[in-house]
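>>> would you be able to build a 3D model of this:
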Amino acid sequence: MPIVRAGSLKNSHHHRSQGTSSFPEESSTDITSVDQGLASLESAVGATLLRIATVAAIGGMVFLMDDPAAAGTEVQPVPRWIRQALRAVLGLVLFVPSWVVSASVVKTTVNSTTGEPLPVTDLAVEAGILMAICCALVLFGLNRSGGTSGSSVAAPGLAVLVLVFIALPDGAALYTDPASDGWAAARQRWQWLGGAALALCGLQAWMRRPGYASLWR
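Numbering: from 1, shown residues only. Okay, the predicted model is just below:
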């Protein structure tokens, strides 16, 4: 009958312990990488949902500025620009609360599942800039149609803009993942775009003056 020494049993047990000690470390590393991947996925999905809500809401707002009866209401005690400004304010009153509610729901969902905060402020800036671009398109459409239909330009223009934003390459992307390396660079591009949008809004509003309005009819 073979004799096994206690020392050899102890050494063999020690070697087995060393051989299996790396598995928990590798497993924890894999779990961490999976958690990071899920967090990135959740933030990307949350940003996409908010962007879809923004485009849908702005797409509905552009029709508020339409005034099919503008040609028959030129002589009114209230100037046309005041009526259009009131419609724009009504659109903002409807848009801002709905966007805030959507952002709160998406933010709460993302934070509770991953613990990673969703950059709601940056996404709100995106929404504001996209709205400014659509305002410029609406004013351009009103100038072209004599004040009757701004949506004829703004609605298709918004659709084309969104498709262009989606198709932009990584080096010029505007719709980026909040967890990606290109997020900061995209913020700078949005700022430049916002400045251009405000300049276009001011130009189109200035061209809405009575002396210029007749040029577009």
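
>>> just the helices in this structure please.
6-20, 22-61, 80-114, 120-145, 151-167, 183-206, 210-213 (DSSP state H).

>>> export the ones you listed to TSV and tack on mean pLDDT and distance to residue 67?
All C-beta atoms are positioned from the backbone trio N, CA, C, and that covers glycine. Formatted as TSV, the helices of the chain follow (pLDDT from 0 to 100; distance: least, Cβ to Cβ, whole Å):
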stretch	mean pLDDT	distance to residue 67
helix 6-20	45	77
helix 22-61	67	15
helix 80-114	82	7
helix 120-145	89	8
helix 151-167	93	11
helix 183-206	90	16
helix 210-213	52	13
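
>>> can you put those helices in TSV and add mean neighbour count?
Below are the helices of the chain laid out as TSV (neighbours: other Cβ atoms under 10 Å):
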stretch	mean neighbour count
helix 6-20	9
helix 22-61	15
helix 80-114	15
helix 120-145	21
helix 151-167	16
helix 183-206	15
helix 210-213	11
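
>>> for residue 158, give its distance to residue 84.
18 Å (Cβ to Cβ, to the nearest Å).

>>> can you check residue 61 too?
For residue 61 relative to residue 84 (Cβ to Cβ), the value is 13 Å.

>>> coming back round to it: for residue 176, which of the helices of the chain is the nearest?
helix 183-206 (4.4 Å; Cβ to Cβ).
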